[in-house]
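**Student:** Just to be clear, the model below is a prediction. Sequence and coordinates:
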Amino acid sequence: MSLRPVLSLSLLLALGACASAPIAAPEQDAEAKRFDRPPPDSGALYVYRSGWFGIIRPLDVGVAGGAQAALPANSYLRLEGPPGPVEVNCKVGDKSGQREVQVVPGETRYVEVSMTAGLWGPDCAIAEVPPDQGQAAVRSSKRVMPQSQ
């Protein structure tokens, strides 16, 4: 098998995955990548998915009481809201994961969701990461617009 058909198939699969999520306008993407601090009575949360593992399948993400999105590979969403504990959920097939993140007034938190290889199929994982790691991943990703729950 030559390399050209493999690359073409990979490109088609990547485009198909991105088509399943509403991608933000370039201006909205650029605005989120400024990493502006939220207002003092609010907090911000970036949820991102980096890497190419599971490229053909978006990862369903939900933030309790906030929003939901199907994140393709190398995409993110930014949410602002009241401070306090926020539950982040992910789902792939019949496997799910969840994690509580403490959103602090006037600050931003970063959460990575990822598809992992489970024994009986794909699984998902959620991890809070330091700002420098989260910002680097967001800079190389496309913004997805969340849907209200």
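**Tutor:** Received it, and whenever you're ready, just let me know what you need.
**Student:** Return the residues in contact with the residue nearest the centre of the chain.
**Tutor:** Within the chain, the residue whose C-alpha comes closest to the C-alpha centroid is Y48; the distance, by C-alpha atoms, centre = their mean, is 2.7 Å. Applying C-beta atoms under 8 Å, 6 or more residues apart in numbering, one finds that Y48 lies in contact with 71, 75-77, 110-113, 134, 137-138, 141. C-beta here means a position set from N, CA and C on the backbone, and glycine is covered the same way.
**Student:** Which single one of those is nearest to N89?
**Tutor:** Set against N89, the nearest of the contacts of Y48 by C-beta to C-beta is V113 (9.1 Å).
**Student:** right, and that closest one touches V92 too?
**Tutor:** No - counting by C-beta atoms under 8 Å, V113 does not reach V92; the two are 9.5 Å apart.
**Student:** more crowded one of the two?
**Tutor:** Neighbour totals were compared for V113 and V92, and V113 leads with 24 against 21 (other C-beta atoms under 10 Å).
**Student:** what's the nearest residue to the more buried one if we skip its chain neighbours?
**Tutor:** Nearest non-adjacent residue to V113, counting by C-beta to C-beta, 6 or more residues apart in numbering: C90, 4.6 Å away.
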